[in-house]
Structures are given as C-alpha cells and as structure tokens.
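Asks: would you be able to build a 3D model of this:
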Amino acid sequence: MKTFRGKVAAITGAASGMGRSLALQLAGEGCHLALADRNAQGLAETAQLAAALAPKATGAPLKITTRALDVSDRAAMFDWAADTAAAHGRVNLIFNNAGVALSSTIDGMDYTDLEWIVGINFWGVVHGTKAFLPHLKASGEGHVINTSSVFGLFAQPGMSGYNATKFAVRGFTEALRQELDLMKCGVSATCVHPGGIRTNIAQASRIAQNMVGFMIEDEQQGKDDFEKFFITTADEAARVILDGVRRNKRRVLIGRDARAADWLARTLPAAYQTLVVLQTRRMRRIAARRARRAEAGAVASRRA
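Replies: Residues are numbered from 1 along each chain as shown. All right, here's what the predicted structure looks like:
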C-alpha cells in the first residue's frame, strides 16, 4: 500500500494522542476515516480537525464516521466493523491503537485491574483484527496495524500486566503476519512498538497502592516521573507508523528509546533484567531523597 489516497482507515483510540495524529495525517493524504474511542467529545474534535484537512488533500470532502465504543466489547467491535464497511463501501486499514496502562506488583494486583487492561490492550486488538479482517480481504488491499509497546520487547518491574498484554499483542501480530503471507490474500500486518510517546496515557494510568513505598513515593509523582521518559511526539510517531505501512514492515520501532530497548533485549536477553533491577533501585533512592527533601521543606514552611 504505497498511497492512502481514497483508502478507508478505521482507527481505535482516535480521540487523542497517536490515534488523533494518525487520523489527521491520513486525512491530509485523502484517506476516508472511521474513528472510534470511548471519549465521545475528543472523538468529535478529531473528526472536526480531520474534516478541515480534506479540501486541501483532495479538493472534495472526505467521508468521516465516528463511533463511541469500548474496544473490549466484542459485539460492539464487530458491529462497528460491519457498519464501517456498509457506510464506506469497504475498509482497507485497521489501526488497533487504543491502550491503557497499569502499574502494580504481581502479588498485590487486583484481578479487576488485570482484567481491565487485558480487555483493552489485548482483547481490543484481537476483536479489532478479527472483526475487520474479512472486510480487509474483501477490499483486495488491506493492512492490520496493531500497537504493542517498548514493553512488548522487554519487561519492567511493576508493569507485569502491561508487559503481558504488549508481549501478547506482539506474538499475536507476528503470527498473523506469517499467516497472511501464506494466504497471499492482499492483506498484511505490522506490529508497532512505541517508546515514550507524549500522550496522556501516563496521567490516565492506574497505579496500585502497593507501588507506593515500593517503587514510587506517591501516585502523582510516579505518573509525573514516568511521563519524563516521553521523548517522541504523537505526530512523529504517526509519521513513522504510516511510513512503516507503506514499506510493509513487520515491526516498527518508534523513538531512540524503543531502538535501544530492542538492542538490549536482543543482545542481553536474560542479563538485561539485572540491569533493569539496578537502575530501578537507583531511581527509587533518588525518589526517596526527593520525597524527604520535600517533606523537610513542608515542615520548615509550617514552622515559619
């Protein structure tokens, strides 16, 4: 798929972040859009921004449809896929982009939180793939783009639930790509591994109380510290993803942090875990010192 002009792309998580950037860049290239997200207001804003780009791209309006839905709802995803194909006449691309984050120790993890993240990050990708795949095949030229993560390349303490879903997406998509290669049906697949992308995923993440005192000093500080590692913009991430689709790449790494993690996991497939533990201990000491200084400052302020 060398061009997106005149194609139809379905995108989950389209209300913000990479999903919105993908929608806008595709609209700028003359691609029709079917957008989905749980955030109806953000979804409407994305659709409005994308529609404004259409005349510049094609000289004619693009067809843009929206659907507020939960990607973990299998029936809702299949209904959306069928409605998208009916409304647009075909579907060429599905970007299974929606995702959430969870930070918790394994022994303290609540099953409700684990089921929540698996439902969105893994089952959402499965539902999107299976719901849209027949329509992509029918189009004669299709592509499945599934978002894993840098945490689908290597593991991190306190991120077991997130790691599990992103490793699962990686395995699922790599197997899918091989099957599609064997079928020669005109459809391909790409697995995307973003590093730290400047989106709201950190602030919207769930952090279990068991992490406080173990790896972080307080919940908000943990989110803020995690966000400091976000070095790539959503627009740049979308550009790299779309370039990967054009080149029919099996794996797309986004950001120098993702490339470094990939190199580390391949070079030291077991030993990297020791390095992660040492670095985590170091960061934990830094966070503890910072918390003590803040507390000392607060006490001094109260006394004054």
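Asks: bridging residues for Ala34?
Replies: With DSSP bridges as the criterion, Ala34 is bridged to Ala10, Thr65.
Asks: that one: neighbouring residues, count only.
Replies: Neighbour count for Ala34, taken as other Cβ atoms under 10 Å: 27. Just so you know, the C-beta spots here come from the backbone N, C-alpha and C atoms, and that holds for glycine as well.
Asks: so who does it touch?
Replies: Listed by Cβ atoms under 8 Å, 6 or more residues apart in numbering, the contact set of Ala34 reads 8-11, 64-67, 80, 84, 87-88, 91.
Asks: now with 6 Å, please.
Replies: By Cβ atoms under 6 Å, 6 or more residues apart in numbering, Ala34 lies in contact with 10, 65, 84.
Asks: okay, stretch 178-188 in PDB with CA atoms only?
Replies: Provided in PDB are the C-alpha atoms of stretch 178-188 (Å, rounded to 0.1, in the frame of the first residue of the first chain):
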ATOM      1  CA  GLN A 178       3.000 -15.000   8.800                       C
ATOM      2  CA  GLU A 179      -0.500 -16.400   8.200                       C
ATOM      3  CA  LEU A 180      -1.300 -13.600   5.800                       C
ATOM      4  CA  ASP A 181       2.000 -14.100   4.000                       C
ATOM      5  CA  LEU A 182       1.000 -17.700   3.400                       C
ATOM      6  CA  MET A 183      -2.500 -16.800   2.300                       C
ATOM      7  CA  LYS A 184      -1.400 -14.200  -0.300                       C
ATOM      8  CA  CYS A 185      -4.800 -12.500   0.100                       C
ATOM      9  CA  GLY A 186      -3.800  -8.900  -0.400                       C
ATOM     10  CA  VAL A 187      -3.700  -8.100   3.300                       C
ATOM     11  CA  SER A 188      -0.600  -7.600   5.500                       C
END
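Asks: least trustworthy helix or strand in this protein by mean pLDDT?
Replies: Every helix and strand in the chain was compared by mean pLDDT, DSSP states H and E; the lowest is helix 219-227, with a mean of 59.
Asks: just checking, next helix/strand downstream of it?
Replies: On the C-terminal side of helix 219-227, the closest following helix or strand by DSSP states H and E is helix 234-246.
Asks: quick one: distance of that next one to the chain centre.
Replies: 13 Å (Cα atoms, centre = their mean, to the nearest Å).
Asks: name the helices or strands packed onto the following helix or strand past it?
Replies: Next along the chain after helix 234-246, taking DSSP H and E as the criterion, comes strand 251-254. Applying 3 or more Cβ pairs under 6 Å, 6 or more residues apart in numbering; DSSP states H and E, we find strand 251-254 packed against strand 187-194, helix 234-246.
Asks: strand 251-254: how far from the chain's middle?
Replies: Centre-to-centre, strand 251-254 and its host chain are 12 Å apart (Cα atoms, centre = their mean).
Asks: any buried residues in that strand, and which?
Replies: The neighbour-count check on strand 251-254 (16 or more other Cβ atoms under 10 Å) flags 251-254 as buried.
Asks: ok, and what's touching it?
Replies: Residues contacting strand 251-254 (Cβ under 6 Å, 6+ apart): 190-195, 237, 240-241, 244, 259, 262.
Asks: export the residues you listed to JSON lines and tack on distance to Ala15 and neighbour count?
Replies: Listed next are the contacts of strand 251-254 as JSON lines, based on distance: Cβ to Cβ, whole Å; neighbours: other Cβ atoms under 10 Å:
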{"residue": "Thr190", "distance to Ala15": "22", "neighbour count": "22"}
{"residue": "Cys191", "distance to Ala15": "23", "neighbour count": "26"}
{"residue": "Val192", "distance to Ala15": "18", "neighbour count": "28"}
{"residue": "His193", "distance to Ala15": "22", "neighbour count": "23"}
{"residue": "Pro194", "distance to Ala15": "17", "neighbour count": "30"}
{"residue": "Gly195", "distance to Ala15": "22", "neighbour count": "23"}
{"residue": "Ala237", "distance to Ala15": "16", "neighbour count": "25"}
{"residue": "Val240", "distance to Ala15": "21", "neighbour count": "18"}
{"residue": "Ile241", "distance to Ala15": "17", "neighbour count": "24"}
{"residue": "Gly244", "distance to Ala15": "23", "neighbour count": "20"}
{"residue": "Arg259", "distance to Ala15": "28", "neighbour count": "15"}
{"residue": "Asp262", "distance to Ala15": "29", "neighbour count": "17"}
